[in-house]
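S.K.: how would this look folded up:
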Amino acid sequence: MLQFIRDQAQGWVAWFIVGLISIPFALWGVNSYLTGPSDVVVATVNGEPIKQAEFQQSFKQYRDRMREMMGERFDPAMFEGLAVKQSVLDDLIDQKLLFTASNKLGQRISDRDINGLIQSTPAFQSEGSFDPERYRMMLARVGLTPVAYEAQLRTDLLAQELTNNIQKSTLVTENSIDNVLRLEKQTRDIAYGVVAAQAQLEQVEVTEQEIRDFYDANKINYMAPERIAVDYIELSVVELAKVVEVDETSLQQFYVDNQDQFVGPEQRRASHILIEGDEKEALELLATIKQRLDDGEDFAVLAKEFSSDTGSAAEGGDLGFFQRGVMDPAFEEVVFSMSTIGDVSEPVKTEFGYHLIELTAIKVAEGQSYADAREEIENVYRNQQAEELFYEQAELLADLSYENPDNLDVTAEELSLTIKTTDAFTRSGGTGIATNKKVIDIAFSEDVLNNELNSTVIELTKSHLLVLHKNNYIAASQLPFDSISPAIKEQLRFERARDMARQKGEAIMVQLKSGGSAETLFEENSWHEAQLYSRTSSEVSNQVLQQAFSLSKPSGEAQFTGFTASNGNYIVVKVTAVHDGNPSDASEEDRDGLKSYLARSNGASELQAFI
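M.R.: The predicted model follows:
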């Protein structure tokens, strides 16, 4: 029953440490749900309450997982919106519904299965074996006991198993694939004409009074936005590493204490013969080549003659020295399992084709001397010392900036940090640190903007912190008429030219439907005679294709439509014929891909219907 789960054990189960089976949970509604009593009921599913404590735990797991996945791009502000919380609450409700349904259907996950999955999870292992102490420690980090985790794991696996079964049960018929291919590969005879807005501009006149009237009626749209400049101090591991004091005695002792960090990896040298193409033919050819090698012929000569990898073939198949993690995993596994120089492998399949591999040399892992590793030793030492100093100073940064809230001077002096100042920026951001949404939001917060207090510590990344203080604020102001008048004039001229193009285009379309001649009605070079186009043709704009393929199939008379393009031009589109695609033209690979897509799509629909 748990084969699917086991197959994924290196995937989503491995995410446990930050996400508990990667189930996206979160809190719903206002902030009180994050801080309110743990027995508050936030939702009820089939009479079973979902309490606040469960939400708090689930939200933390989800946010921590996203932090791990996104790294420096992580922004806590993205989890503050109601839409995100509502969405993940819906997921949690779905999870509860699926769990209830799986119980009613008699699905069960045994204790043996749960224990086996836990013990095979890499996050709970030390040196390749399950470590009970590590298991308890990792659970404690996310606020769980073994009993609570195992109960949640059982719930999640039951829901996942039911989801998988529902989606796998979806049937996709050959007829449905054919129908989709007929639409997907459909072509149409499309003609179109352009009424250019630019050509109407010569007839457009805008008076000074019209510009003034428009300005007066739309003043709110012509405001210089409020801006703020902030002073800030930043604490980062990168900057601290630059000022860490280094002496040879300390570096040499660090080298002695950490020699295992300065061991070069084992490297191997190999040659290969790659055969691409059909599996049967490739394996037959490799068998022939292997026999010739066994008969004493030279590997390099045969590589030059047969290998599809022309780059290495010229060198007798030689790939040079490489360490683990460089080559295709299957290729690499064979090379590093070979024990004798000169050995030739059996055929090995990779994404590139089929290979015969000859092991030609081995460089065993060797420790680097202090002199050879001097630069690396210093870098590692600096970073390690900087990380220790960072965590010490991070606490001081928070305390000092809070205890001295009126400026950054005391904090900067105590921590030997430099006070920097941004250029003024708007709520849309600016340059430097003002491109970060967290910085923008906090700069315009009540405490910083109006109360003129130091900000709380802002975590840009786990190793980069900031504290802000207002330097200068520039309120929103009305842009003067003279500065904006030219832009308003061009806007009005464009809008009127666009409207004139639309009116002219609509009149032309009426005449075309009545049998008028497109060549006569459209100006020179603006009518494009009918050609055969597919949905993905690149010879015509996507807008034209979208409009053309939205029209009904002509039954005797051509179909017309018109639309205004983003540049103001009015486009008249004419479809005279529709040609369905031929399903037999699709390759088996294309059909299989489409079948998988339809199965996923239908499965998702059936799952939602089931829920």
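S.K.: going forward, measure contacts and count neighbours with C-alpha atoms only.
M.R.: Will do.
S.K.: residues in contact with stretch 446-457?
M.R.: Stretch 446-457 is contacted from outside by 397-398, 401-402, 405-408, 442-443, 465-470, 473, using CA atoms under 8 Å, 6 or more residues apart in numbering.
S.K.: what's the average pLDDT for that stretch?
M.R.: For stretch 446-457, mean pLDDT rounds to 95.
S.K.: try stretch 589-598
M.R.: Stretch 589-598 comes out at a mean pLDDT of 83.
S.K.: Grab the most central residue of this structure for me.
M.R.: Geometric centre of the chain, nearest residue: residue 70, 8.6 Å, by CA atoms, centre = their mean.
S.K.: Where does the prediction get shaky in the stretch 151-300 of the chain?
M.R.: Residues of the stretch 151-300 of the chain meeting the criterion pLDDT under 70: 162-163, 165-169.
S.K.: Just the strands from it, written as ranges.
M.R.: With strands called from DSSP state E, counting those that start in this stretch, the stretch 151-300 of the chain shows them at 187-195, 223-224, 227-236, 263-264, 267-275.
S.K.: and the ones you listed as JSON lines, adding distance to residue 335?
M.R.: As requested, the strands of the stretch 151-300 of the chain are arranged in JSON lines below (distance: least, CA to CA, whole Å):
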{"stretch": "strand 187-195", "distance to residue 335": "51"}
{"stretch": "strand 223-224", "distance to residue 335": "66"}
{"stretch": "strand 227-236", "distance to residue 335": "42"}
{"stretch": "strand 263-264", "distance to residue 335": "18"}
{"stretch": "strand 267-275", "distance to residue 335": "7"}
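S.K.: Of all those strands, which one comes closest to residue 547?
M.R.: Judged by CA to CA, the one of the strands of the stretch 151-300 of the chain that comes nearest to residue 547 is strand 187-195, at 10.3 Å.
S.K.: in the closest one, what counts as buried?
M.R.: 187, 188, 189, 190, 191, 192, 193, 194, 195 (16 or more other CA atoms under 10 Å).
S.K.: What is the helix or strand containing residue 548 packed up against?
M.R.: Taking DSSP states H and E as the definition, one finds residue 548 inside helix 542-550. Contacting helix 542-550 under the criterion 3 or more CA pairs under 8 Å, 6 or more residues apart in numbering; DSSP states H and E are the following elements: strand 187-195, strand 559-564, strand 570-579.
S.K.: can I get the ones you listed in TSV with distance to residue 113?
M.R.: Shown next, in TSV, are these (distance: least, CA to CA, whole Å):
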stretch	distance to residue 113
strand 187-195	53
strand 559-564	60
strand 570-579	55
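S.K.: Quick one, which of these gets closest to residue 63.
M.R.: From those, taking CA to CA, the stretch that ends up closest is strand 559-564, at 43.9 Å.
S.K.: Now find how far off-centre that closest one is within its chain.
M.R.: Put simply, strand 559-564 sits 37 Å off its chain's centre (CA atoms, centre = their mean, to the nearest Å).
S.K.: what does that strand contact?
M.R.: Strand 559-564 is contacted from outside by 498, 502, 505-506, 509, 513, 547-548, 551-553, 570-576, using CA under 8 Å, 6+ apart.
S.K.: Residue 332 is in contact with residue 349, correct?
M.R.: No: look at residue 349 against residue 332 with CA atoms under 8 Å: they stay out of range, at 11.3 Å.
S.K.: nearest spatial neighbour of residue 425, skipping sequence neighbours?
M.R.: Excluding its sequence neighbours, the residue lying closest to residue 425 (CA to CA, 6 or more residues apart in numbering) is residue 227, at 5.0 Å.
S.K.: try residue 419
M.R.: Residue 419's closest residue in space is residue 233 (CA to CA, 6+ apart), at 5.1 Å.
S.K.: Next, find the distance separating the one you found from residue 396.
M.R.: Per CA to CA, to the nearest Å, residue 233 is found 13 Å from residue 396.
S.K.: Neighbour count: these two, which is higher?
M.R.: Higher neighbour count among residue 233 and residue 396: residue 233, with 20 against 15, using other CA atoms under 10 Å.
S.K.: So which elements touch the longest helix belonging to the chain?
M.R.: Ranked by residue count, the top helix of the chain under DSSP state H comes out as helix 481-513. Judged by 3+ CA pairs under 8 Å, 6+ apart, helix 481-513 is in contact with strand 187-195, helix 208-217, strand 559-564, strand 570-579.
S.K.: still on that earlier bit, what secondary structure category should be reported for the residue nearest to the centre of the chain?
M.R.: Secondary structure, DSSP: H, G, I helix; E, B strand; the rest coil: residue 70 is helix.
S.K.: and it, what does it touch?
M.R.: Applying CA under 8 Å, 6+ apart to residue 70 gives no contacts.
S.K.: Report pLDDT for it.
M.R.: pLDDT, residue 70: 73.
S.K.: how close does it get to residue 462?
M.R.: In terms of CA to CA, residue 70 sits 12 Å off from residue 462.
S.K.: repeat for residue 417
M.R.: Taking CA to CA, one finds residue 417 at 18 Å from residue 462.
S.K.: burial of residue 571, as a residue count?
M.R.: By other CA under 10 Å, neighbour count at residue 571 equals 26.
S.K.: ok, residue 358 - contacts?
M.R.: Residue 358 neighbours (CA under 8 Å, 6+ apart): 270, 271, 272, 299, 341, 342, 343, 344, 345.
S.K.: Quick check: phi and psi at the nearest residue to the first one once chain neighbours are set aside.
M.R.: In other words, residue 270. Computed as CA to CA, 6+ apart, the closest residue to residue 270 that is not its neighbour in sequence is residue 359, at 4.6 Å. Main-chain dihedrals, residue 359, degrees, to the nearest 10: phi -80, psi 120.
S.K.: And for residue 359, the neighbour number?
M.R.: Counted with other CA under 10 Å, residue 359 comes out at 22.
S.K.: right, and it touches residue 269 too?
M.R.: Yes: look at residue 359 against residue 269 with CA under 8 Å: they come within range, at 6.3 Å.
S.K.: pLDDT score for residue 5?
M.R.: 31.
S.K.: just residue 527 next, same as before
M.R.: Here the pLDDT value assigned to residue 527 is 94.
S.K.: Would you map out the domains in this structure?
M.R.: If you go by automatic domain parsing, the domain ranges for the chain are 3-168, 174-184+585-610, 187-218+482-579, 227-246+387-477, 266-364.
S.K.: quick one: residue 355 and residue 319, what's the gap?
M.R.: With CA to CA as the criterion, residue 355 and residue 319 are 13 Å apart.
S.K.: can you tell me which of the buried residues of strand 187-195 lies nearest to residue 592?
M.R.: Ranked by distance to residue 592 (CA to CA), the buried residues of strand 187-195 are led by residue 187 at 22.4 Å.
S.K.: what sits against that closest one?
M.R.: Applying CA under 8 Å, 6+ apart, the residues near residue 187 are 532, 533, 534, 535, 578, 579, 580, 581.
S.K.: tell me, how many neighbours does the third one end up with?
M.R.: If I follow you right, that is residue 534. A count of neighbours around residue 534, defined by other CA under 10 Å, yields 17.
S.K.: Next up, the contacts around it.
M.R.: Residue 534 makes contact with 185, 186, 187, 188, according to CA under 8 Å, 6+ apart.
S.K.: I figured the last one hits residue 532, correct?
M.R.: Yes: under the criterion of CA under 8 Å, residue 188 lies in contact with residue 532, with a separation of 5.5 Å.
S.K.: rewinding a little: looking at the domains of the chain, which is closest to residue 375?
M.R.: Closest to residue 375 of the domains of the chain is domain 227-246+387-477 (CA to CA; 11.8 Å).
S.K.: distance between the ends of the closest one?
M.R.: Note: domain 227-246+387-477 ends 10 Å apart using CA to CA.
S.K.: how far out from the middle of the chain is it?
M.R.: Offset of domain 227-246+387-477 from its chain centre (CA atoms, centre = their mean): 29 Å.
S.K.: Perfect, I'm done here.
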